[in-house]
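# Whatever this is, show me its structure:
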Amino acid sequence: MNKPYAESCVQNQAPILSAIRPLLRQQQAVLEIGSGTGQHAVHFAAAMPHLAWYTSDQAAYHAGIQCWLEDAQLANVHGPLTLDVLQPDWPQLAVDAIFTANTFHIMSMPMVAACIAGAGALLPLGGRLLVYGPFNYAGQYTSASNAQFDQWLSAQHPERAIRDLEAVDQLAQQAGMILEQDQTMPANNRLLCWRKS
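Got it, this is the predicted structure:
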């Protein structure tokens, strides 16, 4: 099959790398939730060879991810693992970081809650959950383009939406994590980092 390609991955991978590299400097292994095309995994793992990078997604995306992994031939990238955040048993990995990009607004809110709870259960003390994407604050959009994007999301599926940071942070706190960083990113996105405490 042809390798899947997402232009948005190419556009945002450099700023995301700049944001996550300092946060992952002391970490050893990362589980990426929702690896999608596999482009981010290859780019980030190549730039941070000290990390073991585990890709994961629903089974339908595995062939595309595998194409990128086979072409890249990076020793530190693994997977793809089958992971639906709603499944009761996640892959049992020894990871000290979890990364996910542009997934929380695609997931339903119960899926977001399951993702955060699963991350909190898997991470050791001091482990980090890094989430990239658009977020609202106090129920307000941060830009007109995010408001338009949210309308488009709900038209695609009624359970899709830009999430409120406060609601997501409350779920993270319930999972034993504290918000460590909230960084402004290009195109009205954020890079959020929680630490298991």
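# so what's residue 38 up against?
Listed by C-beta atoms under 8 Å, 6 or more residues apart in numbering, the contact partners of residue 38 are 3, 4, 55, 64, 65, 66, 67, 68, 69, 80. (Glycine included, C-beta is placed from N, CA and C.)
# my guess is the last one is in a strand, correct?
What it means is residue 80. Yes - the assignment for residue 80 is a strand, going by DSSP: H, G, I helix; E, B strand; the rest coil.
# Can you name the residues that contact it?
Contacts for residue 80 (C-beta under 8 Å, 6+ apart) come out as 35, 38, 55, 56, 57, 61, 62, 65, 66, 69.
# now with 7 Å?
Residues counted as contacts of residue 80 (C-beta atoms under 7 Å, 6 or more residues apart in numbering) are 35, 55, 56, 57, 62, 65, 66.
# From residue 7, how far out is it?
Counting by C-beta to C-beta, to the nearest Å, the gap from residue 80 to residue 7 is 21 Å.
# Report the two members of the contacts of residue 80 separated by the largest distance.
Farthest pair in those (C-beta to C-beta) is 56 and 66. Separation: 12.4 Å.
# Looking at these two, which is more packed in?
Using other C-beta atoms under 10 Å as the criterion, residue 56 and residue 66 rank with residue 56 on top: 26 against 16.
# tell me the SS of the more buried one?
Following three-state DSSP, we place residue 56 in the strand state.
# ok so residue 42 is a strand residue?
No - the assignment for residue 42, made by three-state DSSP, is helix rather than a strand.
# how close does the closest residue to it other than its chain neighbours sit to residue 39?
Leaving aside its chain neighbours, residue 42 sits nearest to residue 72 (4.4 Å; criterion: C-beta to C-beta, 6 or more residues apart in numbering). Per C-beta to C-beta, residue 72 is found 10 Å from residue 39.
# The two - which one has more neighbours?
residue 39 (22 against 16).
# now the more buried one, nearest residue through space, not along the chain?
residue 9 (4.0 Å).
# which residues does that neighbour contact?
Residue 9 is in contact with 37, 39, 40, counting by C-beta under 7 Å, 6+ apart.
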